[in-house]
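> generate coordinates for the sequence data below:
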Amino acid sequence: MTNVLISGGAGFMGSHLAHNLAARNYRVTVLDNLSAQIHGENPPSCSAAEHYTFLKGDVRSREDWVRALADQHVVVHFAAETGTGQSMYQVERYVDVNVRGTANLLDILANETHSVRKMLVASSRAIYGEGKYHCTEHQDVYPAARSAAEMQLGDFAVKCPVCRREASLRPTDEDSKLHPSSVYGISKQSQEQLFMTVGRSLAIPVVALRYQNVYGPGQSLLNPYTGILSIFSTRIRNRAPISIFEDGSESRDFVFIDDVVEATRLAMEHDAANFDVFNVGSGIRTDVLTVARALRSALGGDCPIEVSGKFRVGDIRHNVADISKITARLGFAPRVTFAEGIQRFANWVTTQKTPTDRLEISIDEMRRRGLYR
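Reported below is the predicted structural model:
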């Protein structure tokens with residue numbers, strides 16, 4: 001039997017993966033600190049989990065890693081701080097958890113006896129920054145972060161970095177330029193590079209999965225710093241207006257949790273994935289205004305949707321993943337459409353207690369630091 005350790009395994013993606021693997025007769029161990037930002041101040045105990053062994057611990061603790069790594073064959077490293085906007089003013093915390101936590105794991109594997117024979121790391125589309133675009137004159141280009149001065153004038157378009165003409169979005173493939181525009185993105189790039197470099201030196205196969213915007217039942221409804229669908233659903237259920245940044249045309253690649261779990265399992269089980277990186281997404285972009293309207297309809301809400309013209313410094317305009325590589329190499333194909341996924345998410349949300357809406361608190365934190373304008 002294969003033993004699998006999932007760090008951050010009590011979180012959204014980790015818990016879904018843990019249950020999926022346990023059902024396939026993997027012996028699963030979860031290491032998680034049950035962060036209050038994600039799980040609330042009084043999270044339910046996972047110590048009696050039926051499908052896996054739960055260890056409460058922090059990836060910043062070498063001792064917790066040593067305890068969790070005993071007899072493990074595969075490590076799936078999900079544990080991380082994940083709020084893009086929050087990362088810009090909690091820099092030390094994000095680097096400490098995401099980079100030092102990763103370094104602890106790899107240092108143990110480099111210096112102590114272990115049984116690990118494969119590792120997966122949760123990377124992110126955030127490492128691409130704005131991603132790939134096309135300019136009619138300069139062909140494929142990789143624009144830097146948009147100008148705050150231009151956005152304050154209502155100009156949210158992405159420009160060619162050479163001629164400053166408006167550029168058009170292209171699906172971002174794995175060979176695209178890496179230039180993250182947030183501390184979170186930088187920390188994810190560091191995690192990926194650490195895994196690849198140390199994994200090769202130790203001859204431990206590594207796979208990095210660059211997840212797009214993952215959503216679905218089970219995601220935290222308490223965290224106001226990340227997860228647009230969770231944030232919008234909380235606003236709708238509290239009968240508060242949904243305020244959309246920019247002009248509402250900004251878009252993301254939304255991928256349903258079941259598809260993410262399938263992609264992760266394929267990467268774990270197939271040697272064809274070893275020492276490589278893969279985008280995990282739907283390959284389809286959906287604008288934020290469409291998301292808000294679809295979710296409001298699915299939840300039966302009547303709250304107003306307001307396009308604010310406000311923006312967060314460092315936010316990307318669009319993203320859509322090129323998923324041809326993972327399809328060709330591992331046979332992955334997303335099965336859940338956005339329409340189906342949004343309904344399944346909404347059905348689950350209605351079974352949950354309506355959380356306190358903390359969005360304004362998170363926005364005020366950014367506004368005080370000049371990151372929300």
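> for the helix or strand bottoming out on mean pLDDT in the chain, C-alpha coordinates in CSV please.
Sorting the helices and strands of the chain by mean pLDDT, DSSP states H and E puts helix 36-39 at the bottom, at a mean of 78. Written as CSV, here are the backbone C-alpha positions of helix 36-39 (Å, rounded to 0.1, in the frame of the first residue of the first chain):
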residue,chain,number,x,y,z
ALA,A,36,-8.3,30.3,11.9
GLN,A,37,-8.4,32.4,8.7
ILE,A,38,-9.6,29.3,6.8
HIS,A,39,-11.3,27.1,9.3
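> quick check: buried residues in whichever helix or strand comes after that helix?
Using DSSP states H and E, the next helix or strand after helix 36-39 towards the C-terminus is strand 53-56. By 16 or more other CB atoms under 10 Å, the buried positions in strand 53-56 come out as T53, F54, L55. The C-beta positions use only the backbone N, C-alpha and C, and glycine is treated the same way.
> so which elements touch the least confident helix or strand of the chain?
Judged by 3 or more CB pairs under 8 Å, 6 or more residues apart in numbering; DSSP states H and E, helix 36-39 has no packing partners among the helices and strands.
> got a list of contacts for it?
Under the contact criterion CB atoms under 8 Å, 6 or more residues apart in numbering, helix 36-39 has outside partners A10, G11, P43, S220, L222, N223, Y225.
> that one: which residues count as buried?
For helix 36-39, by 16+ other CB under 10 Å, it's Q37, I38, H39.
> check these against R285 and report the nearest one.
In terms of CB to CB, no member of the buried residues of helix 36-39 lies closer to R285 than I38, at 26.5 Å.
> distance of the closest one from F78?
Using CB to CB, to the nearest Å, we find I38 at a distance of 12 Å from F78.
> any residues in contact with both of these two?
Joint contacts of I38 and F78 (CB under 8 Å, 6+ apart) are G11.
> the stretch 51-200 of the chain: helices as residue ranges?
62-69, 84-87, 91-95, 101-111, 148-152, 183-202 (DSSP state H, counting those that start in this stretch).
> how about those helices, which one is nearest L289?
helix 148-152 (17.2 Å).
> alpha carbons of the closest one, as PDB, please.
What follows is helix 148-152, C-alpha atoms only, in PDB (Å, rounded to 0.1, in the frame of the first residue of the first chain):
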ATOM      1  CA  ALA A 148      -2.100  52.400 -11.200                       C
ATOM      2  CA  ALA A 149      -2.300  55.900 -12.700                       C
ATOM      3  CA  GLU A 150      -3.900  54.600 -15.900                       C
ATOM      4  CA  MET A 151      -6.400  52.500 -13.900                       C
ATOM      5  CA  GLN A 152      -7.400  55.400 -11.800                       C
END
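> and that helix, how far out from the chain middle?
Taking CA atoms, centre = their mean, to the nearest Å, the mean C-alpha location of helix 148-152 is offset from the chain mean by 27 Å.
> now do the buried residues in it.
M151.
> any idea of the mean pLDDT in that helix?
On average, the pLDDT along helix 148-152 is 94.
> before we move on, what about stretch 248-257?
On average, stretch 248-257 scores 97.
> that stretch: which residues count as buried?
Applying 16+ other CB under 10 Å to stretch 248-257 flags G248, E250, S251, R252, D253, F254, V255, F256, I257 as buried.
> restricted to helices, list these.
In this view, the buried residues of stretch 248-257 that belong to helices under DSSP state H are I257.
> same list (the buried residues of stretch 248-257) but as JSON lines, adding distance to R93.
As requested, these are exported to JSON lines (distance: CB to CB, whole Å):
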{"residue": "G248", "distance to R93": "31"}
{"residue": "E250", "distance to R93": "27"}
{"residue": "S251", "distance to R93": "29"}
{"residue": "R252", "distance to R93": "25"}
{"residue": "D253", "distance to R93": "27"}
{"residue": "F254", "distance to R93": "27"}
{"residue": "V255", "distance to R93": "27"}
{"residue": "F256", "distance to R93": "29"}
{"residue": "I257", "distance to R93": "26"}
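> run through this structure and note the low-pLDDT ranges.
In the predicted model, the chain carries pLDDT under 70 at residues 41-50.
> domains of it?
3-132+171-368, 133-166 (automatic domain parsing).
> from the buried residues of helix 36-39, which single one is nearest Q212?
Distances from Q212 to the buried residues of helix 36-39, taken by CB to CB, are shortest for I38, at 19.4 Å.
> residues of stretch 171-188 that come out buried?
Buried, per 16+ other CB under 10 Å, within stretch 171-188: 171-172, 174, 176, 178-188.
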